[in-house]
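Engineer: model the structure of this input:
(chains A and B)
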Amino acid sequence: MKRIGTAAFIVMLWGLSASARANPLPGGQCLTCHAAEDAELAELWTTDIHAHAGLGCESCHGGDPTGETKEAAKGRGTGYKGAHSPMDITMVCGGCHADVDYMKERKPLLPTDQLDKYWTSEHGKLLKKGETKVAQCASCHGAHGILEVNDAKAPVYAANVPATCGHCHADAEYMAEFAIPTDQYEEYVGSVHGRALLEKKDVRGAPACNDCHGNHGAAPPTIDAITNICGTCHSYNAELFLDSPLAPAFEARSLADCVACHGKHEITHATDDWLEDEPGGACRKCHETGDEGSELALYYADTLSSIRMSFDEIDELLSEAEERGIDVTEGEDYKEAARQGLMQARTLIHAFSKPVMEEKVSEIAANQAAALEVGYAAINAFEERRRGLAISTLLLLLLTIAVAIKIRTLPPLD
Amino acid sequence: MSTSPENRDRAFLAWLKDRYPITQFAEWAEHKTVPVGRNAFWYYFGGITLFLFLIQVGTGIMLMFYYKGSADTAFESVRFISAKVPFGWLVRSVHAWSANLMILSVFIHMFSVFFMRAYRKPRELTWLSGIVLLALLLGFGFSGYLLPWNELAFFATKVGTDIIGVIPVIGEPIMYVLRGGEEVTGSTLPRFFALHVALFPALLTIFIAAHLFFIQLQGIHEPEVWQEQPEKRKTMPFFPHFFAREMLLWLITLNILAVLAVFFPAELGVKADPFSPAPAGIKPEWYFLATFEFLKYMPAHVGPIEGEQFGLLLISIGFLVWVLVPWIDRGRHPTITKIVMAAGVLILVFLSIMTYLGWAA
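Structural biologist: The predicted structure is shown next:
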């Protein structure tokens, strides 16, 4: 077993030396010794973005990478710093990444405000107070195998962020002393955002933790910030809500705008049932049956229900016409326009205004009526085709009979 | 002199006779006969094919009034024909159904000629011209299928031209020319349109003329048994007896077309998108299904040859033997005749089974 291990180590070293020959990585004598002791470290180093940028171990840890003995490499006068404490890590990383002049020459497009933001985050604030369990740079980015953010293997790649945050925040034991919930990850995974990111891999559209909480400046959003955060993506909904009569009412009652109805990490797909005047309905959280808000909710529920029922009729009619081979593309176009209208109507709910909704509903109704008209015209056309076929068949039959009679009147064959 | 219609007709006939050999033509037509017997029914299929071709020409010209043969406009123009042009749906559906019935009819015609051994001397060239006509009609079907530029047609054309590309040496250049590039794109459509409405009709007209010319010169093939038993020989005049019966079948065919067009109008489907993945269940038209299915059963490799190439080689050899049947079975050796007839039955069974399997797959 030992021999196998030695052989594997030699092969790995050979592999490392081969890759070093192809594209030599910095690390010098540090790597020669530490790679032999720590295979995982050696493997991580081959992918590290800093290693490929030519930064050796001494850039963070100090020491002399040319020293062939431990004393020569780490001894007095070499500037050797050894392993870093969490606070040291932020300062070492920030030493370069917060240095505008340094970064401008090496990675000009990379922001340099990460450290400043970090000190505004809950993590940074607690670290300053001496709490070392909080996340610092290496907690999320890793230490020796740091990858680009857009590398799908990076822990800070969009689809990996929930698991990276959840690594601490979903660990009830680890988080026990901080007195905050640890079910955010579980809730997020089942949410509409979580499914879009983790199942559909929508890394550009679906938000991960950092899209709402910030990354280096991660902190729980304040109530006032909620609409702006959700509105980053759902801008029209946010605009409608802020102009609606509900915005000041929410403010007066210190209700978190979007969150009050939609929830936070557990956000599910909003359905028309939310508007129903029944216990558990979104509006019933604040309104009571018969009040102005409840009446509006009832209007929304009835209107949307009526629109949905019309779609059933349209679908049935157009399918029937299509089955009979009649082109109903025009009807499908009207139906699609009405469907778009329905989506817009659902968004317009956030205006909490009956006249605004009525205008949209009349537009939807017009498109639905046009789709139905096309459907009925198609069914009529099919009936006309059948009548035309009956007439032409009759004419052809008469002609056929005439020819048959002619054949019978021809002179008999020999 | 009276100017009654009858007198006007006579005057016109006299005018024609004065200028053209009308009398000889009338005499020839009067003496033209068609054999009568238990196989006589099959003689009508040549005429039915011709009738369907004439319908194709008529409806094809009408479709061209509105069809726009480019990738950006083809689908929309066919939709316009189907939805907006008065009776456009009828013309398009009749064109599509007539194409299918024509190919069915031409297959029936070919196999009836085969089993009646009408390909034998002196009708070898009639057989050959018939084979060319069959190939041209298949070309019409293949090129016409793409013209609506819908998803199914697009991918079926891709598969079809892929198969052509498998042919060694000449396959790839032919595929490239047909596609107008390495892939089926918007450049392919105008090429198929040009083939469908210009080259193929011109060639078909020439070969139909040759085919009919050979038949008029040599007369219709008579059953072999009449050579040994001339007393059994029975014929009917082409005009008016056979012609009237043919008319009867043409009227019935027309009515069948009308019924099919009303109850099963040609579908259009979804517009072709060259960048979308191929939908499941892509199949060619039914008359290519047997070849398509047969190639699917080929292994990856047969010796040094790729499976598909081997399959195409077998089909090509089979087709060549079919073309050369008049020279293989000259009627001199009953054993050869029996083998050829048995092979014909096997081919018919094979094509039917493969077509069914392809359809059911």
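Engineer: quick one, strands of chain B?
Structural biologist: For chain B, strands defined by DSSP state E occupy the ranges B:33-35, B:235-237, B:301-302, B:305-306.
Engineer: could you dump those into a markdown table with mean pLDDT added?
Structural biologist: Below are the strands of chain B laid out as a markdown table (pLDDT from 0 to 100):
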| stretch | mean pLDDT |
| --- | --- |
| strand B:33-35 | 90 |
| strand B:235-237 | 91 |
| strand B:301-302 | 90 |
| strand B:305-306 | 88 |
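Engineer: can I get the ones you listed in a markdown table including distance to chain A?
Structural biologist: Every C-beta, even on glycine, is put in place using the N, C-alpha and C of the backbone. Below are the strands of chain B laid out as a markdown table (distance: least, C-beta to the nearest C-beta, whole Å):
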| stretch | distance to chain A |
| --- | --- |
| strand B:33-35 | 10 |
| strand B:235-237 | 5 |
| strand B:301-302 | 37 |
| strand B:305-306 | 37 |
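Engineer: among those, which comes closest to A:Asn237?
Structural biologist: strand B:305-306 (57.8 Å; C-beta to C-beta).
Engineer: can you give the strand pairings for that closest one, parallel or anti for each?
Structural biologist: strand B:301-302 (antiparallel) (DSSP bridges).
Engineer: for the partner strand, which outside residues touch it?
Structural biologist: B:307, B:310 (C-beta atoms under 8 Å, 6 or more residues apart in numbering or on different chains).
Engineer: how far away from the center of its chain is it?
Structural biologist: Between the centre of strand B:301-302 and the centre of its chain there are 33 Å (C-alpha atoms, centre = their mean, to the nearest Å).
Engineer: what of stretch B:142-162?
Structural biologist: 18 Å.
Engineer: mind giving me TSV with the strands of chain B and columns for mean neighbour count?
Structural biologist: Below are the strands of chain B laid out as TSV (neighbours: other C-beta atoms under 10 Å in any protein chain shown):
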stretch	mean neighbour count
strand B:33-35	19
strand B:235-237	19
strand B:301-302	14
strand B:305-306	14
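Engineer: including distance to A:Leu304, could the ones you listed go into JSON lines?
Structural biologist: Listed next are those as JSON lines, based on distance: least, C-beta to C-beta, whole Å:
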{"stretch": "strand B:33-35", "distance to A:Leu304": "73"}
{"stretch": "strand B:235-237", "distance to A:Leu304": "75"}
{"stretch": "strand B:301-302", "distance to A:Leu304": "61"}
{"stretch": "strand B:305-306", "distance to A:Leu304": "59"}
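Engineer: out of those strands, flag the one nearest A:Ala301.
Structural biologist: Nearest to A:Ala301, of the strands of chain B and by C-beta to C-beta, is strand B:305-306 at 63.7 Å.
Engineer: show me what from chain B comes close to chain A.
Structural biologist: B:36, B:79, B:82-83, B:89-90, B:93, B:234-236, B:240-241, B:244-245, B:247-248, B:251-252, B:254-255, B:258-259, B:262-268 (C-beta under 8 Å from any C-beta of the partner chain).
Engineer: any of the residues you listed buried? List them.
Structural biologist: B:36, B:79, B:82-83, B:89-90, B:93, B:235-236, B:241, B:244-245, B:247-248, B:251, B:254-255, B:258, B:262, B:265-266, B:268 (16 or more other C-beta atoms under 10 Å in any protein chain shown).
Engineer: out of these, which sit inside helices?
Structural biologist: B:79, B:82-83, B:89-90, B:93, B:244-245, B:247-248, B:251, B:254-255, B:258, B:262 (DSSP state H).
Engineer: now for those residues, which pair is the farthest apart?
Structural biologist: Pairwise over these, using C-beta to C-beta, the maximum falls at B:Arg79 and B:Ala244, 41.7 Å.
Engineer: contacting residues for the nearest residue to B:Met102 once chain neighbours are set aside?
Structural biologist: By the measure of C-beta to C-beta, 6 or more residues apart in numbering or on different chains, the closest residue to B:Met102 outside its immediate chain neighbours is B:Leu52, 3.8 Å from it. Listed by C-beta under 8 Å, 6+ apart, the contact partners of B:Leu52 are B:98, B:101-102, B:105, B:253.
Engineer: again, but for A:Val361
Structural biologist: A:303, A:307, A:345.
Engineer: which one of those is nearest to B:Pro5?
Structural biologist: The closest of the contacts of A:Val361, once distances to B:Pro5 are taken by C-beta to C-beta, is A:Ile307, at 68.5 Å.
Engineer: quick check: pLDDT value at A:Lys125.
Structural biologist: We have a pLDDT of 95 for A:Lys125.
Engineer: that one is in contact with A:Trp119, isn't it?
Structural biologist: Yes: counting by C-beta atoms under 8 Å, A:Trp119 is a contact partner of A:Lys125 at 7.3 Å.
Engineer: out of the contacts of B:Leu52, which sit inside helices?
Structural biologist: Using DSSP H, those in helices are B:98, B:101-102, B:105, B:253.
Engineer: how about the residues of the stretch 51-200 of chain A that lie near chain B?
Structural biologist: Residues of the stretch 51-200 of chain A lying near chain B (C-beta under 8 Å from any C-beta): none found.
Engineer: isn't there a strand covering A:Pro65?
Structural biologist: No: going by DSSP: H, G, I helix; E, B strand; the rest coil, the assignment for A:Pro65 is coil, not a strand.
Engineer: state the distance from it to B:Phe200.
Structural biologist: Going from A:Pro65 to B:Phe200 by C-beta to C-beta, to the nearest Å gives 77 Å.
Engineer: one more: B:Met341?
Structural biologist: From B:Met341 over to B:Phe200 (counting by C-beta to C-beta), the distance is 32 Å.
Engineer: of the two, who's got more company?
Structural biologist: Higher neighbour count among B:Met341 and B:Phe200: B:Phe200, with 18 against 14, using other C-beta atoms under 10 Å in any protein chain shown.
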